[in-house]
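Participant: how does the following fold in three dimensions:
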Amino acid sequence: MSRVAVLGEPRLWIGVLICMVVTFVLINVRKLQPNADENYGRLDYSLGLLKQEKERALCLVMTSRGSLSTKARVVINTWARHCTKVIFISSETDSQFPIEGVRVDVSREYLTAKTMQAFRYIYENHFDDADWFMKADDDTYIILENLRYFLTSQNKSEPVFFGHHFKSIVKQGFYSGGAGYVLSKEALRRYGEKGHDPKLCRPDGAGEDVAFGRCMENLGVRTVNTTDASGGADSIVFAPG
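Facilitator: Numbering: from 1, shown residues only. The predicted structure is shown next:
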């Protein structure tokens, strides 16, 4: 009786080992097989990132000497790092900071002149460095990943610009200067070629965002609806809270 029991043990263990090997193989084969839904999501996400990378965005940040060590420093250390190229514009240069100077007064009443000259400078010196050109202030915060994602659905060759839309004063409305606005390459080209005409683009005066909005309208540059699928604004001019 004991001999039968002893002879039976190897058979039992062999059976157990075979089951374990088969289970191990099946589990690992399952792991190696692609999950269609999972891979589709990964592929879609990867392609989305690659597509966003192709949207070259130049960030034009308006600042002043008094804000270089505070507001401008925060900008350059946070969201501006995600720009294809970032250029700070002030009324004067500073050897300790990457800034370009334009010869205008620092007060708000000359903000139109500062903005017009800034875009003139970008057109003449950095037109080929990007496909989209965003103007922002040193107290503006931009989520570049979201901006680039939006830009993948737009055409840089179309005369368009985007921002927080106010439907007043200008026939097609204008975009808030505080929230910032983005010009397509074609919009900047039109400004560079014809924006020096004071009949089309007022070179100075109060109300920078209104003046620039009217300038764009005169140049045939269109405003575009930038609200998301739920009707929410992509660009917000007012402080949260």
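
Participant: low-confidence stretches in the chain?
Facilitator: Scanning the chain for pLDDT under 70 picks out the ranges 1-53, 96, 101-109, 227-241.

Participant: and the strands in it?
Facilitator: Applying DSSP state E to the chain gives strands spanning 57-62, 85-90, 99-101, 132-137, 160-163, 165-166, 174-175, 181-184, 222-223.

Participant: so which elements touch the last one?
Facilitator: Packed against strand 222-223, as judged by 3 or more C-beta pairs under 8 Å, 6 or more residues apart in numbering; DSSP states H and E, are the following elements: strand 160-163. All C-beta atoms are positioned from the backbone trio N, CA, C, and that covers glycine.

Participant: parallel or antiparallel, which strands does the strand it packs on pair with?
Facilitator: strand 181-184 (antiparallel), strand 222-223 (parallel) (DSSP bridges).

Participant: could you identify which of the ones you listed is most buried?
Facilitator: Ranked by mean neighbour count, those are led by strand 181-184 with a mean of 26 (mean count of other C-beta atoms under 10 Å).

Participant: just the CA coordinates for that one, please, in CSV.
Facilitator: Coordinates of the C-alpha atoms in strand 181-184 are reproduced here as CSV (Å, rounded to 0.1, in the frame of the first residue of the first chain):
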residue,chain,number,x,y,z
TYR,A,181,-3.9,87.4,-28.3
VAL,A,182,-2.3,85.2,-30.9
LEU,A,183,-1.7,86.1,-34.6
SER,A,184,-1.3,83.6,-37.4
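
Participant: name the residues that touch it?
Facilitator: 57, 119, 131-135, 147, 151, 154-164, 175, 191, 209, 212, 216, 221, 235 (C-beta atoms under 8 Å, 6 or more residues apart in numbering).

Participant: okay, now Ala187: neighbour count?
Facilitator: A count of neighbours around Ala187, defined by other C-beta atoms under 10 Å, yields 25.

Participant: isn't it right up against Ser157?
Facilitator: No: contact criterion C-beta atoms under 8 Å: Ala187 and Ser157 do not qualify, at 10.2 Å.

Participant: what's the domain layout of the protein?
Facilitator: Residue ranges for the domains of the chain, per automatic domain parsing: 2-47, 56-223.

Participant: out of those domains, which is the most enclosed?
Facilitator: In terms of average neighbour count - mean count of other C-beta under 10 Å - the standout among the domains of the chain is domain 56-223, at a mean of 18.

Participant: quick check: end-to-end length of it?
Facilitator: 20 Å (C-alpha to C-alpha, to the nearest Å).

Participant: quick one: contacts for the closest residue to Asn218 other than its chain neighbours?
Facilitator: Nearest residue to Asn218 in three dimensions, chain neighbours excluded: Leu200, at 4.3 Å (C-beta to C-beta, 6 or more residues apart in numbering). For Leu200, the contact set (C-beta under 8 Å, 6+ apart) comprises Lys194, Cys215, Asn218, Leu219.
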